[in-house]
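1. everything below, folded, please.
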Amino acid sequence: MTRYIALLRGVNISGKNKVPMPELKQYCTELGYDGVVTYLNSGNIVFSMEDRDEQELAEEIKNLITQNFGLDVPVFVIKQTALREILDSAPEWWGTDDKDIYDNLIFVMPPADAYWVSGRIGTPTEELERIEISRDNAIFWSFDRKRYQKANWWKSTASRGIGEVLTIRTANTLRKIAEL
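-> Numbering: from 1, shown residues only. Sure, this is the predicted structure:
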């Protein structure tokens, strides 16, 4: 059995795109996913099943959400072992205990890729944010908690044409789901 992580984009934010995690867990179990666990209310699902293509699984979960909740929610799926490898390759400046810095990992949903996203957003704002493109279509991104609104990447990750192909999680959330 392979352990997978599904990351839903834009659910349960400010009362919008409501997807109750207990119901989602039940629907995933009914589809035949084993050991289904959800983490937080932000759309993190961890489950096991026979080895499958991540894109096919993402589409299956997306359809499940559309059928049961009436929402068109982008879904990114990654093997848990691949997530662990990405986290193990994090740059030394990412995911530290520095409370002034906010560390995120950006997952780019195919067919878009991290280099295309980086090219569209542009250079990180000096002294406010840092990025490093990783394997598996991911981008390590850290920014100053107090001055984030002045950061180029902060403004652009939610912009039209970019935000739709991304899902973002904090370092702490990812470390937790990598172990579930």
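2. show me where this structure has helices.
-> For the chain, the helices defined by DSSP state H cover 21-30, 54-69, 80-88, 114-121, 152-156, 171-177.
3. turn the ones you listed into TSV, including distance to Ser134.
-> All C-beta atoms are positioned from the backbone trio N, CA, C, and that covers glycine. What follows is the helices of the chain, written out as TSV (distance: least, CB to CB, whole Å):
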stretch	distance to Ser134
helix 21-30	27
helix 54-69	16
helix 80-88	5
helix 114-121	7
helix 152-156	15
helix 171-177	12
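4. rank those helices by pLDDT, which is bottom?
-> When the helices of the chain are ranked by mean pLDDT, helix 152-156 comes last with a mean of 88.
5. buried residues in stretch 13-28?
-> Buried residues in stretch 13-28, counting neighbours by 16 or more other CB atoms under 10 Å, are found at Asn17, Val19, Met21, Leu24, Lys25, Tyr27, Cys28.
6. got a list of what the fifth one touches?
-> Translated: Lys25. Val36, Val37, Thr38, Ile45 (CB atoms under 8 Å, 6 or more residues apart in numbering).
7. strands - which of those land there?
-> Applying DSSP state E to the contacts of Lys25, the entries found in strands are Val36, Val37, Thr38, Ile45.
8. what's the burial count for the closest residue to Glu59 other than its chain neighbours?
-> Excluding its sequence neighbours, the residue lying closest to Glu59 (CB to CB, 6 or more residues apart in numbering) is Val75, at 7.7 Å. If you count neighbours by other CB atoms under 10 Å, Val75 ends up with 24.
9. roughly how far out does stretch 8-15 sit from the chain middle?
-> Distance, stretch centre to chain centre, for stretch 8-15: 12 Å (CA atoms, centre = their mean, to the nearest Å).
10. and if you look at stretch 164-180?
-> If you compare the mean C-alpha spot of stretch 164-180 with that of the full chain, they lie 5 Å apart, counting by CA atoms, centre = their mean.
11. for stretch 38-55, same thing?
-> Chain-centre distance of stretch 38-55: 11 Å, with CA atoms, centre = their mean.
12. can you list the buried residues in that stretch?
-> Applying a neighbour-count criterion of 16+ other CB under 10 Å, the buried positions in stretch 38-55 are Thr38, Tyr39, Ser42, Gly43, Asn44, Ile45, Val46, Phe47, Met49, Glu54.
13. how long is that stretch end to end?
-> The distance separating the two terminal residues of stretch 38-55, taken as CA to CA, to the nearest Å, comes to 20 Å.
14. nice, that's everything, thank you.
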